[in-house]
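Peer 1: The sequence isn't on hand, but the structure is:
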């Protein structure tokens, strides 16, 4: 089976799951950092409880979308009780596939003039 | 609070939150989750705003109430799915386990339904928890007189109101067709206090009637309205006859309301003012004026906020006052105030019924334990055969806790499936039991609704989960203990060989012990029943046919009743095969009987002396000859003893000894229920109210001087009594076709279904049934165990056979193994049984709870069954072909 369709098997993602994967896209993070990142990027519109986050992480781990990593940042920034998570290549493809899926929907909506097109880039 | 302490408190909360998540979740991410919560808390404190703390605790609450339960549910769903798939792959195992569990579950749920009906289900009225029973206790008699009722009801500081009621048989005649019903005579506030609504017309209202005979109105029960009148609303306003008296139907009670009697099917309600038409003492009695006429059952409604204790205290004070004001009547009476649910079927019997019901429920619980042990054994055997699968899953990362949880889920799933099977069984059984109870013929129609309701289903589910846990615990523990890794490598077949084997042996021993306990109690009841049947009743029940008539239901007066009794007797005597015929007011040992206060004349001078209660019956002169009661002294009744002549009485030996020790009672006088009567004869003692009673006084008075409102004809025949049934009915109808005839049956059957043997029959039946099921299950368990061991030893046995061991040696070997379990189980069971029997002591008759014969017989039976259960696999062991066994090595 093609890798692309393997990623598509996970779609659609729930909003919290998508945000979690996106939060890990630019580097490994520990749980609390993921929560903070999501809250910051969405201006607090999406807020996960800690329990929900770890339930998501468990599922993402089981599905092979993220892994726990042993690499840790500079000791001065770290608390040794933290655990860090990293997006796997599959996780990256799944997140990308979900974004593409959403984009296709947005494009459709624009064709139908449900939302305006952005002026230009 | 210092910051350090607050932090540790918060940390404790976080730790507790983490603990709410499933085991696997915690193992993987518990510390991480706790760390994140700590960091969020630290951040909130840094920000310091109420909003940031609010958000944090809101999130924590969400985790507690949503996330953690959802995670559990997900695992449960996985496990149940896995369990169902696993069970589908092993249909024989699944079916036998489910059926086994269903047996125990049916037994306990059936008992739960009975207990629920008798003890727990509240009356379907407004605020049933406020209802209390108030009764004047004096031996078995627990009724209150009307005047006492009025006095207790006046206790307005604790009671908002109180009602009194009396069930009575009556003949309801509508448009010329009459039917025997049970009528509840109720105080005028009955429906208003219970807050019952009418389904049609109106109900009896407060102040309806102010004097005896003044309120001839009738309210039908909903069920009776439906069954006899098909719910026809035009019945309201119609005039019907109860006996000879016209009553106007004013309405129908609501569908939900089934009356205040827990065991009696009430068809209609009439005001208590009309009571004298239905009492055996007839209309000359003064129900509403005599404090000694204790007739009413009484229910009070507690004022809101008043506790049972407060009510008890207030009513005790009132009772003490009554005892001072009416020392004659109240001397030996103690007032009893208990919740309505504890006063069923009546306040005097409530305690006994509860004891008996609890004992039988306990036995059913034992049966559930046996079935659980049996299924535990099946699961252990299965766990053994699945050990490679378990080891494989363990190697793939499943934790032991997770596997144990899986095992428990599987056993609980089995138990819940067993519960589903049990529900229809219980419904059938309770319907049958209800029919059985309504067949217990008495003057009053019995009926108990054992319906399976939420409480019963709740019990079933709790018991099922409990049984599932008990059954799954052993295999789950074995999984936790065993060394799974090495198992995969060695390919060994058994989980936790040694500890698992021990658990399985213990389970078999427990089964043998528990079923012995059940069988011993069954044996004790069977022996009690046997004793009861051989107790000298003081008359000869064989060869007697009975038929009960109630001429008063037709409104016959004193003389007309006597004419009827005499005419009917003449007709019956003429039936071929009839040897002797007599009338008696109530046959002995029935559900109802009369008692009378008796005192010798002159009355003993001791001021503390109180007249005893003697059993009483009005009889025709031929009764003693008919029933084969031995005459000790004096003469039977005869033509001289008529209405208007000197009132006479025949007493039994006990009463003679009691009143005139060493002296002849003939020609002496005594006062019975206020009448002065002369003793003309003495007869042998007998049993009057129940077979277990101590010798007690009894008096017999002539039918001709009393003309009871209802009476039973006793017919002695040389042939089979039951063959007379038709002829007797015809003879009575010939004497007077209007008089209803019922309970036509042999005396033996009357004893079986009455106070004499019924309780023992029921107990013997239930306990032997449970015991039998228990033994069957234990035998299956033992068989499975021995068969398993023989299977494990196939190679060893094969080698021994090859080396020349004889079949007999092998069989003896295997039997010894089975016998060992049996002996340990039996020894343990005897100790258990002795403990249980000690508790059942009150229910046994004429037999020690440690009756050696019962114990020996049951132990012997169990040894035989255990040997038989071991013999089958033993025989199979000898058929092992040494060559095949060795090759398998």
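Peer 2: Looks like it arrived, so ask away. Everything numeric here is computed off the predicted structure, so don't read it as measured data.
Peer 1: The host helix or strand of residue B:26 and chain A, are they touching?
Peer 2: Element membership of residue B:26 [criterion: DSSP states H and E] is helix B:23-47. Yes. Applying CB under 8 Å from any CB of the partner chain, one finds helix B:23-47 in contact with chain A at B:25, B:28-29, B:31-33, B:35-37, B:39-40, B:43. In short, each C-beta sits where N, CA and C put it, glycine included.
Peer 1: Of those residues, which is the nearest to residue A:85?
Peer 2: residue B:32 (9.6 Å; CB to CB).
Peer 1: I'd like the distance between the nearest residue to the closest one once chain neighbours are set aside and residue B:275.
Peer 2: Setting aside the residues directly before and after it, residue B:32 is nearest to residue A:83 in space (CB to CB, 6 or more residues apart in numbering or on different chains), at 5.0 Å. Note on residue A:83: its distance to residue B:275, by CB to CB, to the nearest Å, is 83 Å.
Peer 1: Looking at these two, which one has more neighbours?
Peer 2: residue B:275 (25 against 18; other CB atoms under 10 Å in any protein chain shown).
Peer 1: for the more buried one, what are its contacts?
Peer 2: Taking CB atoms under 8 Å, 6 or more residues apart in numbering or on different chains as the criterion, residue B:275 is in contact with B:166, B:168, B:185, B:212, B:287, B:295.
Peer 1: Apply 6 Å and report the result again.
Peer 2: Residues near residue B:275 by CB atoms under 6 Å, 6 or more residues apart in numbering or on different chains: B:185, B:287.
Peer 1: Next, it: secondary structure please.
Peer 2: Here residue B:275 takes the helix state, with states given by DSSP: H, G, I helix; E, B strand; the rest coil.
Peer 1: what sits against the most centrally placed residue in chain A?
Peer 2: Taking CA atoms, centre = their mean, the centroid of chain A lies closest to residue A:21, which sits 1.7 Å from it. With contact set as CB under 6 Å, 6+ apart, residue A:21 has these partners: A:91, A:95.
Peer 1: Buried ones in the strand or helix carrying it, by neighbour count?
Peer 2: Here residue A:21, judged by DSSP H and E, is contained in helix A:15-23. With burial defined by 16 or more other CB atoms under 10 Å in any protein chain shown, the residues of helix A:15-23 counted as buried are A:16-23.
Peer 1: Ok, stretch B:303-322 next?
Peer 2: Buried, per 16+ other CB under 10 Å, within stretch B:303-322: B:303, B:306, B:311-312, B:314-315, B:318-319, B:322.
Peer 1: of these, closest to residue B:631?
Peer 2: Nearest to residue B:631 among the buried residues of stretch B:303-322 is residue B:322, at 43.1 Å by CB to CB.
Peer 1: Name the secondary structure element that contains the closest one.
Peer 2: In the assignment (DSSP H and E), residue B:322 maps to helix B:308-325.
Peer 1: Outside of that helix itself, list whatever touches it.
Peer 2: For helix B:308-325, contacts defined as CB under 6 Å, 6+ apart pick out B:152, B:155, B:157-158, B:302, B:330, B:335, B:337.
Peer 1: how does it look with 7 Å?
Peer 2: Contacting residues not belonging to helix B:308-325 are listed as B:132, B:134, B:148, B:151-152, B:155, B:157-159, B:302, B:330, B:335, B:337, B:339 [CB atoms under 7 Å, 6 or more residues apart in numbering or on different chains].
Peer 1: Excluding chain neighbours, give the residue nearest to the residue in the stretch 401-550 of chain B that chain A sits nearest to in space.
Peer 2: Nearest to chain A in the stretch 401-550 of chain B, going by CB to the nearest CB, is residue B:402, at a distance of 13.4 Å. What sits nearest to residue B:402 in space, not counting adjacent residues and going by CB to CB, 6+ apart, is residue B:24, at 5.5 Å.
Peer 1: Find me the pLDDT at the one you found, would you?
Peer 2: At residue B:24, the predicted lDDT confidence score is 80.
Peer 1: My understanding was that it contacts residue B:400; is that so?
Peer 2: No. Judged on CB atoms under 7 Å, residue B:24 makes no contact with residue B:400 at a distance of 11.0 Å.
Peer 1: Helix or strand next in line after the helix or strand of chain B with the lowest mean pLDDT, which one?
Peer 2: When the helices and strands of chain B are compared on mean pLDDT, DSSP states H and E, helix B:484-490 comes out lowest with a mean of 50. Using DSSP H and E, the helix or strand that directly follows helix B:484-490 along the chain is helix B:497-534.
Peer 1: In the stretch 151-300 of chain B, what residue lies closest to chain A?
Peer 2: Per CB to the nearest CB, residue B:256 is where the stretch 151-300 of chain B lies closest to chain A, at 46.1 Å.
Peer 1: Check the secondary structure at the closest residue to that residue other than its chain neighbours for me.
Peer 2: Nearest non-adjacent residue to residue B:256, counting by CB to CB, 6+ apart: residue B:124, 4.5 Å away. When classified by three-state DSSP, residue B:124 comes out as coil.
Peer 1: Which helix in chain B has the most residues?
Peer 2: What stands out as the longest helix in chain B, according to DSSP state H, is helix B:400-439.
Peer 1: For the closest residue to chain B within chain A, give its distance to residue A:34.
Peer 2: Nearest residue of chain A to chain B: residue A:51, at 3.2 Å (CB to the nearest CB). As for residue A:51, its distance to residue A:34 is 13 Å (criterion: CB to CB).
Peer 1: Residue B:30 now?
Peer 2: Separation of residue B:30 from residue A:34 (CB to CB) stands at 17 Å.
Peer 1: try residue B:705
Peer 2: Per CB to CB, residue B:705 is found 101 Å from residue A:34.
Peer 1: Those two: who's more crowded?
Peer 2: Neighbour comparison, residue B:705 and residue A:34: the larger count goes to residue A:34, with 23 against 20 (by other CB under 10 Å).
Peer 1: And for the more buried one, nearest residue in space, chain neighbours not counted?
Peer 2: Of all residues beyond its chain neighbours, the one nearest residue A:34 is residue A:23 (4.8 Å), with distances taken as CB to CB, 6+ apart.
Peer 1: cool, and residue A:30?
Peer 2: Residue A:30 sits nearest to residue A:82 (CB to CB, 6+ apart), 4.0 Å away.
Peer 1: Same question for residue B:33.
Peer 2: Residue B:33 sits nearest to residue A:54 (CB to CB, 6+ apart), 4.9 Å away.
Peer 1: mind checking pLDDT for the one you found?
Peer 2: 93.
Peer 1: tell me which element it falls in.
Peer 2: Using DSSP H and E, residue A:54 falls in helix A:50-62.
Peer 1: what's the answer for residue A:67, then?
Peer 2: Assigned by DSSP H and E, residue A:67 belongs to strand A:66-69.
Peer 1: likewise residue B:371?
Peer 2: For residue B:371, the element it lies in under DSSP H and E is helix B:350-385.
Peer 1: Which is the succeeding secondary structure element to the helix holding residue B:322?
Peer 2: Using DSSP H and E, the helix or strand that follows helix B:308-325 in sequence is helix B:327-330.
Peer 1: can you pull the buried residues of the next helix or strand after that following helix?
Peer 2: Scanning forward in sequence from helix B:327-330 by DSSP H and E, the next helix or strand is strand B:334-339. Neighbour counts over strand B:334-339 (16+ other CB under 10 Å) mark B:335-339 as buried.
Peer 1: Closest to chain A out of these?
Peer 2: Comparing these against chain A with CB to the nearest CB places residue B:339 closest, at 45.4 Å.
Peer 1: does the closest one really touch residue B:128, like I thought?
Peer 2: No. Applying CB under 7 Å as the test, residue B:339 and residue B:128 come out as separate, 9.5 Å apart.
Peer 1: The residue nearest to residue B:32: what's it in contact with?
Peer 2: Shown in contact with residue A:83 (CB under 7 Å, 6+ apart): A:30, A:68, B:32.
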